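> Got a sequence here, can you build the structure:
(chains A and B)
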There are 2 protein chains.
Amino acid sequence: MDIKTLYQISYGLYIITSTRGGKFNGQIANTLFQVTSEPPTVAVSINKQNLTHEFIRDSRVFAASILSQDPPLSFIGNFGFKSGRDIDKLAQVNYKVGKTGAPIVLDHTLGYLEVKVINEVDVGTHTIFIGELMEAETLRSGEPMTYAYYHEVKRGTAPKTAPTYIKEEKVKRLAKYRCTVCGYIYDPEKGDPMAE
Amino acid sequence: MDIKTLYQISYGLYIITSTRGGKFNGQIANTLFQVTSEPPTVAVSINKQNLTHEFIRDSRVFAASILSQDPPLSFIGNFGFKSGRDIDKLAQVNYKVGKTGAPIVLDHTLGYLEVKVINEVDVGTHTIFIGELMEAETLRSGEPMTYAYYHEVKRGTAPKTAPTYIKEEKVKRLAKYRCTVCGYIYDPEKGDPMAE
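Here you go, the predicted model:
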């Protein structure tokens, strides 16, 4: 079985946000998709280890900011490689509170969706949250960031809690890291999502 | 609510195939995604009206061929705009029978996945089939077809059973059709996915 075939599945890149007890958090996700059109319903797969998972599970709402191609890797790093248990991620960016109460990240965002969770499916390490679209707004025109663009052009990496992270493919050699999704060799000397 | 914000979600393009009672069928889908990495698990949203839905529901297996950017629109049209109740779609293409018993379309395919369904979620007009990866093989290198590329470059349209089809956006004027996903104005005089 050639597990790398999974790399050929196409995705976008989104910031999934939620709220609990007056607190906000968000994370990067690539696994957002529309599952029906009437009524408009979307699904997202979130790692159970993530704080955003707890928030969505408790509040039953989430928002998705659809990223443009222009964010610096530090912006991705803030949401994708840090935990809301350690820092206030929303303090680093411009956001507004949506009608669901979830925060909506506005920086580098083409548009956003607000979702009320109507079902959740346990898939082992992750939960698929399925929800009805409550609000949708386009903020600006532009090309959406795709997962392929992120890896090929932005040279980004994936955290180990990503659904598309593949442990077996992880190699650490001469202090370089092979990206588990696109095969890109990440060299700390050349740049770091957190350091930009 | 600006429903067109949903168009900014990124997808690939796949042929989802299945089997029942010695018969084969397949359809185009854009909503395939990986939901966990250990064990590798994928999900796909399939319209309940489609014959492929019946086959997956009964056989509990499906295969996904990951399309390259090169198929002619007639190839897409065979799987996306016709019903397996009327024609034998697999008779039009090269395929092999996989280890799950599902047929695997080999033409214009970068690689394929074979999946055993372990869960299904009723989401109204569609069912999300969730399954464990049983086989994966990369057949050739190349750029995967994205849904955006299909609409922008290939100028393809979406059938009304697609999860991303939006009825309200459908306009028929002067015998032209506005694509419900990308906004592309489809002019029958300029070309037809079925006629190429």
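
> what's the pLDDT at residue A:196?
Looking at residue A:196, its pLDDT is 32.

> Just list the residues touching residue A:16, thanks.
A:26, A:27, A:28, A:29, A:32, A:44, A:46, A:52, A:56, A:62, A:63, A:64 (CB atoms under 8 Å, 6 or more residues apart in numbering or on different chains). C-beta coordinates here come from the backbone N, C-alpha and C atoms, glycine included.

> who does the third one bridge with?
In other words, residue A:28. Listed by DSSP bridges, the beta-bridge partners for residue A:28 are residue A:15.

> Near it, how many residues? Count them for me, please.
Counted with other CB atoms under 10 Å in any protein chain shown, the neighbours of residue A:28 add up to 22.

> Tell me how far it lies from chain B.
Using CB to the nearest CB, to the nearest Å, we find residue A:28 at a distance of 14 Å from chain B.

> isn't residue A:41 right next to residue B:122, touching?
No: proximity of residue A:41 to residue B:122 does not meet the contact threshold set by CB atoms under 8 Å, at 11.2 Å.

> which of these two has more neighbours?
residue A:41 (23 against 10).

> so is that one in a helix, a strand, or just coil?
strand (DSSP: H, G, I helix; E, B strand; the rest coil).

> how about the nearest residue to it, chain neighbours excluded?
For residue A:41, ignoring the flanking residues on the chain, the nearest one in space by CB to CB, 6 or more residues apart in numbering or on different chains is residue A:35 at 5.1 Å.

> Over to residue A:92?
residue A:78 (5.1 Å).

> count of neighbours near residue A:146?
Neighbours around residue A:146, by other CB under 10 Å: 22.

> Verify the contact between it and residue B:144 for me.
No: Residue A:146 lies out of contact with residue B:144 (CB under 8 Å); the separation is 10.3 Å.

> And residue A:148, how close does it get to chain B?
Distance of residue A:148 to chain B, given as CB to the nearest CB: 8 Å.

> How about residue A:26?
According to CB to the nearest CB, residue A:26 and chain B sit 17 Å apart.

> likewise residue A:110?
For residue A:110, the distance to chain B - CB to the nearest CB - is 5 Å.

> now that residue, what's its secondary structure?
Residue A:110 carries the three-state label strand when classified by three-state DSSP.

> in chain A, which ranges drop under the pLDDT threshold?
Across chain A, the ranges flagged by pLDDT under 70 are A:154-156, A:165-196.

> the strands in it, which residues?
A:14-20, A:23-29, A:32-37, A:40-47, A:61-67, A:95-97, A:103-105, A:109-123, A:126-138, A:172-173, A:176-178, A:185-186 (DSSP state E).

> so what's the closest residue to residue A:148 other than its chain neighbours up against?
Excluding its sequence neighbours, the residue lying closest to residue A:148 (CB to CB, 6+ apart) is residue A:10, at 6.5 Å. Counting by CB under 8 Å, 6+ apart, residue A:10 makes contact with A:146, A:147, A:148, B:10, B:11, B:12, B:13, B:144, B:146, B:147.

> ok, which pair from these is furthest apart?
Greatest spatial distance among those (CB to CB): A:147 and B:13, at 14.9 Å.

> Those two - which one has more neighbours?
residue B:13 (27 against 23).

> pretty sure that one contacts residue B:65?
No: between residue B:13 and residue B:65 there is no contact under CB under 8 Å: 9.8 Å.

> Could you pull up the contacting residues of residue A:143?
Contacts of residue A:143 (CB under 8 Å, 6+ apart): A:68, A:69.

> and the gap between it and residue A:60?
Distance from residue A:143 to residue A:60, counting by CB to CB, to the nearest Å: 32 Å.

> ok, now residue A:112?
Distance from residue A:112 to residue A:60, by CB to CB: 18 Å.

> And for residue A:116?
Distance from residue A:116 to residue A:60, by CB to CB: 6 Å.

> got it, and residue A:6?
Distance, residue A:6 to residue A:60, using CB to CB: 30 Å.

> These two: who's more crowded?
For residue A:6 versus residue A:60, neighbours defined as other CB under 10 Å are more numerous around residue A:6 (23 against 16).

> residues near residue A:96, how many?
Residues lying near residue A:96 (other CB under 10 Å) number 10.

> check contacts around it.
Contacts of residue A:96 by CB under 8 Å, 6+ apart are A:103, A:104, A:106.

> of those residues, closest to chain B?
Minimum distance to chain B across the contacts of residue A:96 is 11.8 Å, recorded for residue A:104 (CB to the nearest CB).

> thinking the closest one is in contact with residue A:94, fair?
No: the pair residue A:104 / residue A:94 is not scored as a contact, 9.7 Å apart, by CB under 8 Å.

> quick one: which of those two has more around it?
Between residue A:104 and residue A:94, residue A:104 has the larger neighbour count (other CB under 10 Å), namely 27 against 11.

> any idea how far the more buried one lies from residue B:125?
Taking CB to CB, one finds residue A:104 at 28 Å from residue B:125.

> ok, now residue A:3?
In terms of CB to CB, residue A:3 sits 32 Å off from residue B:125.

> give me the number of residues near the residue found closest to residue A:40 once you drop the neighbours it is linked to in the chain?
Nearest non-adjacent residue to residue A:40, counting by CB to CB, 6+ apart: residue A:133, 3.9 Å away. Per other CB under 10 Å, the neighbour tally for residue A:133 reads 20.
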